[in-house]
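Participant: coordinates for the following, if possible.
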Amino acid sequence: MSKHGVLLVLSSPSGGGKTTLCNRLSEIFPNLRYSTSMTTRPPRPYEIDGEDYLFVSEEEFFRRQKNGEFIEWAKVHDNYYGTLYSHVNELLDAGYDVILDIDTQGAATIKGKVPQAVFVFILPPSLESLAERLYKRDENCGVDKQIILDRLSAAKTEISHLGLYNYVVVNDDVEVATETLKSILIAEKARTDHLDLDQIINSEKFDFLLEM
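Facilitator: Numbers count the residues shown, from 1 in each chain. Now for the predicted structure:
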């Protein structure tokens, strides 16, 4: 009965676990597609180009930005990130639900352009636990300690933008957080602006509505 897909915008501080949650949702909902962002930062050892991100040079990124190809783009931690209009619109028009894994700057831009999107902030249980995650993840990848400290500082600013979002999910337990996100998506898919109401009303199952 769905006519248009749901655009689900997820944000969290670096290390908040949103990528893991996006992957969990994709396993639960076969109609859900993960919109791959474009970035100028180098890939981490475990990341795959075209799946985790579209890794491009700054020259290529700026060319696309100048051509107006991004629904949103931002500079984060000295690197650029952007979401392609063409990719998102193609999926939504085909009836797929789409996840955007982006920062608060990008979310604010999208909210101005696509207010009917669903905005969810993934909140770490505490800054202490976030710091532990970042040190465990980034130091193993050779990331400089100062960069980790900068990301912790940025997390405080990002968390201050909670009012931009429709929902907040605390990622203390990944299973619980996944179930919460699952419930949010199920509820949002039942909203009338995501359904083909003419198809429902004109269905033989609801002929009585036409006689009222």
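Participant: show me where the protein has its helices.
Facilitator: 18-28, 58-66, 85-93, 104-113, 127-138, 145-159, 174-189, 197-201, 207-210 (DSSP state H).
Participant: what's the first one packed up against?
Facilitator: In other words, helix 18-28. Using 3 or more C-beta pairs under 8 Å, 6 or more residues apart in numbering; DSSP states H and E as the contact criterion, the elements in contact with helix 18-28 are strand 7-11, strand 32-35, strand 97-101, helix 174-189. For every residue, glycine as well, the C-beta is placed using N, CA and C.
Participant: ok, back up a step: with mean pLDDT and distance to Ser37 as added columns, please give the helices of the chain in TSV.
Facilitator: Below are the helices of the chain laid out as TSV (pLDDT from 0 to 100; distance: least, C-beta to C-beta, whole Å):
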stretch	mean pLDDT	distance to Ser37
helix 18-28	90	11
helix 58-66	97	11
helix 85-93	89	9
helix 104-113	88	8
helix 127-138	74	19
helix 145-159	81	16
helix 174-189	94	19
helix 197-201	52	33
helix 207-210	51	43
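Participant: so Lys156 sits right up against Leu127, yeah?
Facilitator: Yes: between Lys156 and Leu127 a contact is recorded at 7.3 Å, counting by C-beta atoms under 8 Å.
Participant: which one's more surrounded, these two?
Facilitator: Ranked by neighbour count (other C-beta atoms under 10 Å), Lys156 and Leu127 place Leu127 first, with 13 against 10.
Participant: the more buried one reaches Leu152, doesn't it?
Facilitator: Yes: contact criterion C-beta under 8 Å: Leu127 and Leu152 qualify, at 6.8 Å.
Participant: just give the number of residues close to Ser57.
Facilitator: 9.
Participant: so for it, what's the pLDDT?
Facilitator: For Ser57, the model assigns a pLDDT of 97.
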